[in-house]
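Asker: build the 3D model from these lines:
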Amino acid sequence: MKITLIYGGKSAEHDVSILSAFSILKAIYYNYYEVQIVYITKDGQWLKGPVFNEAPDSEELLHLTLKNAQPILPSDIKEANSVIFPVLHGPNGEDGTVQGLFEVLNMPYVGAGVLASACAMDKIVAKQLFQQAGIPQLPYVSVIKRHYMNETDAVLSECEGTLIYPMFVKPANMGSSVGISKVETREELVKAIENAFCYDRRVIVEQGIAARELEVAVLGNDEVRTTAAGEIVKDVSFYDYDSKYIDNKVVLQVPAEVSDEIHLKMQEYAKKAYIALDGSGLSRCDFFLTANGEIFLNEVNTLPGFTPFSMYPLLWEHMGITYSDLLEELIQLAKLRHEKKQAIELGQEF
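Answerer: Residues are numbered from 1 along each chain as shown. Now for the predicted structure:
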């Protein structure tokens, strides 16, 4: 069977995607699969690279160009007996757009479907769904660019009337700390909102709190499994994109040192969030834990990083599932979901 590994992309998380793709190529079971790599350049061109029958030695082999790869149309990835493994972080990767392509092509693919991907990626829509599911979240204000440009003072007053400093400003559709700022004053708030608009026309301003950051990994389609929580151990108040992926300053504690009660409550909320989104395949649920034991869901990432430093595979490794076995489970979940969808469309029971 062939795995079509798609990576790169037009989003600001392009480089993270390459790191994740290389990690997957190093760990996949080549006795079962061959891997066709497809690279999406930063300007959106699709390039078909070599087929790997063994792990590559260098990440440089993934940096395809017109000199060493074949330009293709997105629809050219369709072929029989193949599973798509998208490792595309951020917009046009985990927001439901490319998942829609895979659905139109009628191809099995790893990860969440169109609806779950789109809803989880949009922080404003996700918060509305989680609120309906009864999952605790921090207060927030949503900001639309048109409204902000026409009524700047009113928007800033709403933020300061609803929230207190510090606040966090985030693009509604982005991840990996791209475009996110911590602000302590109105001047910083203005600058942060305008910076976030560089990535999205919709922005969310959230209440900042003193809290630990914990994450729970989720795996499954109809049967949902969760891990114990892991913790991002920080020595500063906020880690930006460079801290996470370039400088590698983030320290991960697996499992987190919290009570069994806290673990169970986070697992419960993670399952609720996953079901509310109609999740499938995988997700990582990110939480805040305050000193007095309050738990708040921050966000759900339907395509968490698979770099060597990523929390998602580390959490499952603690649960006894190796990186390679985790990839295999994800591939099998993709095939099973596709088979069930095909059976439903044919009016067959599954």
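Asker: buried residues, the longest helix along the chain. List them.
Answerer: Counting by DSSP state H, the longest helix found in the chain is helix 323-345. Buried positions in helix 323-345, judged by neighbour count with 16 or more other CB atoms under 10 Å: 323, 326-331, 333-334, 337-338. For every residue, glycine as well, the C-beta is placed using N, CA and C.
Asker: which among the residues you listed gets closest to residue 86?
Answerer: Relative to residue 86, the closest of those is residue 334; by CB to CB it sits at 10.1 Å.
Asker: that closest one contacts residue 82, doesn't it?
Answerer: No. Using CB atoms under 8 Å, residue 334 and residue 82 do not qualify as a contacting pair, with a distance of 10.8 Å.
Asker: show me where this protein has its helices.
Answerer: Under DSSP H, the chain gives helices at 14-27, 97-104, 114-121, 123-132, 145-150, 152-162, 186-196, 241, 260-277, 311-318, 323-345.
Asker: would you list these in CSV and tack on mean pLDDT and distance to residue 292?
Answerer: Formatted as CSV, these follow (pLDDT from 0 to 100; distance: least, CB to CB, whole Å):
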stretch, mean pLDDT, distance to residue 292
helix 14-27, 94, 34
helix 97-104, 97, 40
helix 114-121, 96, 28
helix 123-132, 96, 21
helix 145-150, 96, 35
helix 152-162, 97, 22
helix 186-196, 97, 27
helix 241, 51, 31
helix 260-277, 97, 12
helix 311-318, 95, 24
helix 323-345, 95, 35
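Asker: for those, give me CSV that also has distance to residue 33.
Answerer: Output for those, formatted as CSV (distance: least, CB to CB, whole Å):
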stretch, distance to residue 33
helix 14-27, 11
helix 97-104, 18
helix 114-121, 24
helix 123-132, 33
helix 145-150, 44
helix 152-162, 49
helix 186-196, 40
helix 241, 32
helix 260-277, 27
helix 311-318, 18
helix 323-345, 8
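Asker: ok, the nearest residue to residue 233 once chain neighbours are set aside to residue 229 distance?
Answerer: Once flanking residues are discounted, residue 233 sits nearest to residue 251: 4.4 Å by CB to CB, 6 or more residues apart in numbering. Here residue 251 is placed at a distance of 15 Å from residue 229 (CB to CB, to the nearest Å).
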